[in-house]
Every structure is written in structure tokens, then in C-alpha cells.
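J.: Predicted model follows, preceded by the sequence.
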Amino acid sequence: MIDLASYINQLPSLRATVETHGLMAKKALGQNFLLDSNITDKIIRLSLEKQNLTDFAHADVFEIGPGPGGLTRAILKANPQKLTVVEMDERCIAIMEEIKSLVGEKLEIINSDALKIDFGKLGNAPRHIISNLPYNISVPLLTGWLMEINNFNSLTLMFQKEVADRITATPGNKNYGRISVLAQLLCKIERLFDLNPNCFVPAPKIWSSVLLFQPLGNDISKENIKKLEQLTALAFGQRRKMIRQSLKSLPGIEAALEKLEIPNSWRAEQLSPQQFLSLARTL
């Protein structure tokens, strides 16, 4: 197996790379660059440890929005079978080409919008997605991957901390909502660590969090996922109302609640993810 770390260590520092390419972060692309290799290495180390892996050998890894390539370098040092990066910014494409000149076919570069790509059909299993996500599209990207989560072995993703708090929130918590229900039904979710704004260039106004998603292998049909989306949209769209009111437009809802012994006086935030799934399967 080629030791990619030896090639990566030949690259100039991330700060030198940014200066050479005049890479100022673009707000329109949701860019905040992580230039501390200690942090990018920590993301990969903790992700591997939690999955009981020593590296990404024999796995296809995907990264969205690699920017100046800090996380890209850390992933490559973990020796993936192949790393595919998806980037819209031509300036960052040039940086990726420099890395590719060293590591060759181990790195594939796609100049495209990640929202338009079906990652579950790219490469071969096992597949892992690892990304410091562009904050302006993080939830749509996650939702799309959750819909086909069994195509992936893991997702290691960085979000705004407030988004991570929503994803991991439990019933009764003010942050608990639609994305909490869907993510927790489909994945085991672990928070690896939080990052201070000063870790980034430019420094955002908010903290960030790295989450690891591992599929639970739950057999939830696409039909029931669609029902879940409808249920949670109605319930959390009027979260202060009792569910007998917020869900009253759904045929058979009263009978379903009674059958499942869910009080119709409850509000959305009182139902567990499993209770929402039971409702979807009953209706």
C-alpha cells in the first residue's frame, strides 16, 4: 500500500498555500477555512477510533468543499482507496490539482455542485463522507444522504454548533425538531468535539461541531420516510399546538394516536423519534 502521508508531507503549509493562491474565503459559498493541521488530523483520528478503524484502506472517501485542502490532506494520510473531492470554487480546484500531482489517481476532483450529485452511486462500498460542510447547504446535504444512508459506512461532518445541537437534541429539548427525528432514527450520532470560531479563517461568529453518523441499519421504507417528513413538517410547523390540532389534516390520526397510546394532548417535542416512526407506519 502506498504511504500517502509521505507525499502529503512534501506540500507547503496550508497558510503558504492560501497566500500563494490569494484564497480569500467567499461568504456566498459558505466558506470558512480550517488551516490548523492539528485539528484536521484530530477529526480523522477520532472518526477512525469511533469506528474501530486504523485507516481508510479499501474505502472510497468523499469530501465536499475541500477549500485549501487541510482536511483533504488529513484524509489522504489515512490512506483511502480513493478520495473524491467536490468543489465549486475554481481557485480551490487549482489547489486540489497540486495535491493530485503528488498522489495521482488516489485523488479525483469533481468541479460541481454537491447538491446535484448522488454520492451513493459513486465509487464502491465501503463509502465514507468526511467534510467541513459549507454552512449554507449543510442541512440539505445531510438530509439527502440520510435518505440513502445504507449506501454509506459513515458520515463525519462539521456543522454550525446550533445545527449540531438540533441534530442531536432529544425529546423535550427546545432544539428538538424534524432533523433530530430523521437523523436519530437512521443513525447512531456522536459528537466528536466542538471548535472555537478562532480555529477558522476568517473566524465566523459561531462555534462549530463535528458529528459522526453511523447507520443503524433500520429498515425504514422510502414510503415511510416520506410519511415521516409529512408528519414532522406538520407537527413541528405548529410545535406549540397539541398534536390533535397540528396533525388534524391527516386521515385516521385520532385512531392512530389511540392505538399507539400517544396522548393527543402532547406537543411535537414530546414524541420520540420511534413514536413518530410508529405513527408513520400506522397511518
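T.: Sure, I can see it. Numbering: from 1, shown residues only.

J.: contacts, neighbours, all on C-alpha from now
T.: OK.

J.: Only alpha carbons, please: show the helix or strand harbouring Leu234 as CSV.
T.: Counting by DSSP states H and E, the secondary-structure element that holds Leu234 is helix 222-237. The C-alpha trace of helix 222-237 is given here as CSV (Å, rounded to 0.1, in the frame of the first residue of the first chain):
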residue,chain,number,x,y,z
LYS,A,222,-39.0,5.3,1.4
GLU,A,223,-42.7,5.5,1.7
ASN,A,224,-42.5,5.7,5.5
ILE,A,225,-39.7,8.2,5.3
LYS,A,226,-42.0,10.4,3.1
LYS,A,227,-44.7,10.0,5.7
LEU,A,228,-42.3,10.9,8.4
GLU,A,229,-41.4,14.1,6.5
GLN,A,230,-45.0,15.0,6.3
LEU,A,231,-45.8,14.2,9.9
THR,A,232,-42.8,16.1,11.3
ALA,A,233,-43.4,19.1,9.0
LEU,A,234,-47.0,19.4,10.3
ALA,A,235,-46.1,18.7,13.9
PHE,A,236,-43.1,21.0,14.2
GLY,A,237,-44.5,23.6,11.9
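
J.: Can you tell me which helices and strands it packs against?
T.: On a contact count with 3 or more CA pairs under 8 Å, 6 or more residues apart in numbering; DSSP states H and E, helix 222-237 meets helix 178-186, helix 243-246, helix 273-282.

J.: Going by contacts, tell me the helices and strands next to the longest one.
T.: Right, helix 273-282. Going by 3+ CA pairs under 8 Å, 6+ apart, helix 273-282 lies up against helix 178-186, helix 222-237, helix 253-259.

J.: give me that answer again for 7 Å
T.: For helix 273-282, the packing partners by 3 or more CA pairs under 7 Å, 6 or more residues apart in numbering; DSSP states H and E come out as helix 178-186, helix 222-237.

J.: can I get those in a markdown table with mean pLDDT, distance to Met158 and mean neighbour count?
T.: Listed next are the helices and strands packed on helix 273-282 as a markdown table, based on pLDDT from 0 to 100; distance: least, CA to CA, whole Å; neighbours: other CA atoms under 10 Å:
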| stretch | mean pLDDT | distance to Met158 | mean neighbour count |
| --- | --- | --- | --- |
| helix 178-186 | 97 | 15 | 22 |
| helix 222-237 | 94 | 24 | 18 |
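
J.: can you put those in a markdown table and add distance to Leu53?
T.: As requested, those are exported to a markdown table (distance: least, CA to CA, whole Å):
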| stretch | distance to Leu53 |
| --- | --- |
| helix 178-186 | 21 |
| helix 222-237 | 31 |
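
J.: Let me know the pLDDT of the residue of the chain positioned farthest from its centre.
T.: In the chain, counting by CA atoms, centre = their mean, Ala255 sits farthest out from the average C-alpha position, at 36.5 Å. What the model reports as pLDDT for Ala255 is 96.

J.: what about it, distance to Thr20?
T.: Applying CA to CA, to the nearest Å, the value for Ala255 to Thr20 is 66 Å.

J.: Same check on Leu186?
T.: With CA to CA as the criterion, Leu186 and Thr20 are 43 Å apart.

J.: Can you give me the neighbour number for Lys259?
T.: 11 (other CA atoms under 10 Å).

J.: can you give me the end-to-end distance of stretch 194-213?
T.: One end of stretch 194-213 sits 16 Å from the other (CA to CA).

J.: coming back round to it: go ahead and name everything in contact with the helix holding Leu234.
T.: By CA atoms under 7 Å, 6 or more residues apart in numbering, the surrounding residues in contact with helix 222-237 are Gly177, Arg178, Ile243, Ser246, Leu247, Ala268, Phe276, Leu277, Ala280, Arg281.

J.: State the separation between stretch 205-222 and the centre of the chain it belongs to.
T.: Here stretch 205-222 is found 6 Å from its chain centre; the criterion is CA atoms, centre = their mean, to the nearest Å.

J.: angle of the helix holding Leu234 against helix 178-186?
T.: With axes from the mean of the first three to the mean of the last three CA atoms, to 10 degrees applied, the angle from helix 222-237 to helix 178-186 works out at 140 degrees.
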